[in-house]
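Novice: From the sequence below, what's the structure:
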Amino acid sequence: MTIVEAPVSNRGRVVVADDDVLLREGLASLLERSGFQVVGQLGDATQLLDLVREHEPELVIVDIRMPPAHSTEGLDAAHSIREEFPDIGILVLSAHVELGEATELLLMGRRVGYLLKGRVLDVDEFIDALDRILAGGSVVDSGLVHEVMAARRVTNPLDALTPREREVLEYVIAGKLNKQIAGELGTVEQTIKIHRAHVMQKMRVQSVAELVRLTQRCGIGGAVH
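Specialist: Have a look, this model is predicted:
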């Protein structure tokens, strides 16, 4: 006969925000079975702060990229929650290691975590991470540690760019459109699109907003000529 242990009750009240409905409902089910109380679910970060105000959970689990733009909506919502409710624990989930966003998140201090979504598959590790956040600690995905160590070996992110890519970067962070950049550099728009894609890839960002934040945070904006 198999004996199933009853979940520990009253582990904490949780709000889950992820636009992937299967993942969101799967997380909610896992949390409920593990003794957490899921008091709210969302697929859009724009209403997350209102939901937190309504239920005042002990923990919020949020995807870093959510509608409408799938940029940093989840991260932005996390900052708003932390500013208004400093004692609420926050766990941000991401499909990939995003060094800039993770670093920005961890600057929040205690009761915060950053995990890759694949970690959810290890139930014991995932639940332990939630318990540590609720207890006042911080959780950092091992993949992020590897990225940080790799980043330390790069003295300047600009070193990976070609001279023309540096020129394109300068125009991009100045808010210029591809057509405008092409006119300034005397080339065609398709060429600028290619250079721009290479810049985003080499700088490890997925949006212009991230690119601007990275240049500001690293202090390399003034180094672009």
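Novice: what residues are up against the closest residue to Ala78 other than its chain neighbours?
Specialist: The shortest distance from Ala78 to any residue other than its chain neighbours is 5.0 Å, reached at Ile90 (C-beta to C-beta, 6 or more residues apart in numbering). C-betas here are computed from N, CA, C, even on glycine. By C-beta atoms under 8 Å, 6 or more residues apart in numbering, the contact list for Ile90 reads Leu59, Val60, Val62, Ala78, Ile81, Arg82, Leu105, Met108, Arg111, Val112, Gly113, Ile133.
Novice: What of Gly74?
Specialist: Gly74 touches Ala17, Ala45, Leu48, Val62, Asp63, Ile64, Arg65, Met66, Val92, counting by C-beta under 8 Å, 6+ apart.
Novice: and those residues, which two are the farthest apart?
Specialist: Spatially, the most separated pair among the contacts of Gly74 is Leu48 and Arg65, at 13.4 Å (C-beta to C-beta).
Novice: Any stretches of this structure with poor pLDDT?
Specialist: Scanning the chain for pLDDT under 70 picks out 1-9, 99, 144-156, 216-225.
Novice: about what we covered before: okay, among the contacts of Ile90, which ones form the most distant pair?
Specialist: Farthest pair in the contacts of Ile90 (C-beta to C-beta) is Leu59 and Leu105. Separation: 14.7 Å.
Novice: Which one's more surrounded, the two?
Specialist: Neighbours per residue, other C-beta atoms under 10 Å: of Leu59 and Leu105, the larger number sits with Leu105, 26 against 22.
Novice: Just put the contacts of Gly74 in a markdown table and tack on secondary structure, neighbour count and distance to Arg164.
Specialist: Shown next, in a markdown table, are the contacts of Gly74 (DSSP: H, G, I helix; E, B strand; the rest coil; neighbours: other C-beta atoms under 10 Å; distance: C-beta to C-beta, whole Å):
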| residue | secondary structure | neighbour count | distance to Arg164 |
| --- | --- | --- | --- |
| Ala17 | strand | 27 | 40 |
| Ala45 | helix | 25 | 36 |
| Leu48 | helix | 23 | 41 |
| Val62 | strand | 24 | 38 |
| Asp63 | strand | 26 | 35 |
| Ile64 | coil | 26 | 31 |
| Arg65 | coil | 23 | 29 |
| Met66 | coil | 25 | 34 |
| Val92 | strand | 26 | 35 |
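Novice: starting at the chain centroid, how far to the helix or strand Glu167 falls within?
Specialist: Using DSSP states H and E, Glu167 maps to helix 163-173. Chain-centre distance of helix 163-173: 25 Å, with C-alpha atoms, centre = their mean, to the nearest Å.
Novice: Pull out the buried residues from that helix.
Specialist: Neighbour counts using 16 or more other C-beta atoms under 10 Å place Glu165, Glu167, Val168, Leu169, Glu170, Tyr171, Val172, Ile173 of helix 163-173 among the buried residues.
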